[in-house]
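**Q** I would like the atomic coordinates for the input below:
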Amino acid sequence: MSRAPRQRRQRGRSRVGETFRAEIGPVAHGGHCVARVVTDPSVEPVETRVVFVRHALPGEVVDLVVTEGSDGDRFWRADAVEVHEPSADRVEPPCPYTGPDACGGCDFQHVGLLAQRALKAAVVREQLTRLAGLDLPVTVEAVPGDQDGLRWRTRQRYVELPDGRLGMRKHRSHDVVAVDECLLEAPADADHVVLGRSFSVAPGGFWQVHPGAPEALVSTVLELLAPQPGESVLDLYAGVGLFATFVAERTGGRVAAVEADREACRHARLNVGERADVTAGPVDRVLATAYDEPFDLVVLDPPREGAKRKVVEQVVDRAPRAVAYVACDPAALARDVAIFAEHGYAVSGLRAFDLFPMTHHVECVALLTRVGPGAR
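**A** You can find the predicted model right below:
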């Protein structure tokens, strides 16, 4: 028996559609900036509310319209609809479909590329500080393969509209905006060639969407781990064996790859051949019963939610000298780094890459090395 969708409980009077003027504060994780608005100037002390504002930049003075929020909510969401004091980093968006009440695919079309990377670096640093107690310098690096931040998405999905036109969804909505094209879409599909080696990938299977991403990530993992001949390596969330293939070539030692998707595992076996042992299954379940011997190195490339405590503790139980953690979400990375720190592993290297220009997403590769109990 099917159930009706759960309705969000209303917490007091809705403020959706109301307009406020505010000075925009720092960038926050998720593609928006933080502001605080006065909700009722007639009372003492003055009532204010935190608002997460899209289409704005730190330091700007804007009129914002509330898109989600009521009197009982801790924070609201809003769009900046008019800019009274623009930032020097504000640019004219290259895409005609971006902005309030429009396509929600991009967060930073209104921001210059260098400033976009600075915003992403600030987010990574803030998440590591707040969630892992670390104060690390962060620089988000450009990666070859896009055209001034456009034409990098080698896999693109549209909504097919009844009239045959293409559509894109609005931010946090099922509503669709008709578009002629997405400027992020690459002119050709990914060729699945990395550092001169071709990879087998299932149609629709996972592969990095930015053309320069696989080479940048592989090169960084190899640089940070510095694998030595004979070392053993555990590649977790291994996909089609991208990292396992190259570390196996470097070490010539025991390499084990674990991936939950069985079709990806089939392709991983084709890619790594006899150089690695590939096991299909959820990482935490596989590690509960297999590969319980020590490993010298671990490559950890979890999904957006991170590896989480169970997997992190299974990794440190193998006592690797180093872990290369590839992360597509800085908050998940920071939470997992804090767990590693409980077990004596500290961040000894960090690089960040702009693999998703015009969006708030950023890819990080962190090197964790064993330094002692409770180290940070």
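
**Q** Am I right that Ala352 falls within a strand?
**A** Yes: per DSSP: H, G, I helix; E, B strand; the rest coil, Ala352 lies within a strand segment.

**Q** For Phe52, see how far away it is.
**A** 22 Å (CB to CB, to the nearest Å). For every residue, glycine as well, the C-beta is placed using N, CA and C.

**Q** Mind checking which of the two has more residues around it?
**A** More crowded of Ala352 and Phe52, by other CB atoms under 10 Å: Ala352, with 23 against 20.

**Q** The more buried one and Asp63, how far apart?
**A** 33 Å.

**Q** where in the stretch 251-376 of the chain is pLDDT low?
**A** Within the stretch 251-376 of the chain, the segments meeting pLDDT under 70 span 372-376.

**Q** the strands in it, which residues?
**A** 255-259, 277-280, 297-300, 322-327, 345-353, 363-370 (DSSP state E, counting those that start in this stretch).

**Q** Deepest-packed of the ones you listed, please.
**A** Among the strands of the stretch 251-376 of the chain, the stretch with the highest mean neighbour count (mean count of other CB atoms under 10 Å) is strand 255-259, at a mean of 27.

**Q** Got the domain ranges for this structure?
**A** 19-90, 122-146+185-370 (automatic domain parsing).

**Q** So which of the ones you listed is nearest Ser173?
**A** The minimum distance between Ser173 and the domains of the chain falls on domain 19-90, with 9.2 Å, by CB to CB.

**Q** pLDDT of the closest one, averaged?
**A** Per-residue pLDDT values over domain 19-90 give a mean of 95.

**Q** First-to-last residue distance for it?
**A** End-to-end distance of domain 19-90 (CA to CA, to the nearest Å): 22 Å.

**Q** For this protein, which segments count as helices?
**A** Applying DSSP state H to the chain gives helices spanning 113-132, 213-225, 242-251, 262-272, 283-289, 308-317, 330-342.

**Q** Report the buried residues of the fourth one.
**A** It refers to helix 262-272. For helix 262-272, burial by neighbour count (16 or more other CB atoms under 10 Å) applies to Glu263, Ala264, Cys265, Arg266, His267, Ala268, Arg269, Asn271, Val272.

**Q** Could you look over the domains of the chain and pick the most buried one?
**A** domain 122-146+185-370 (a mean of 19).
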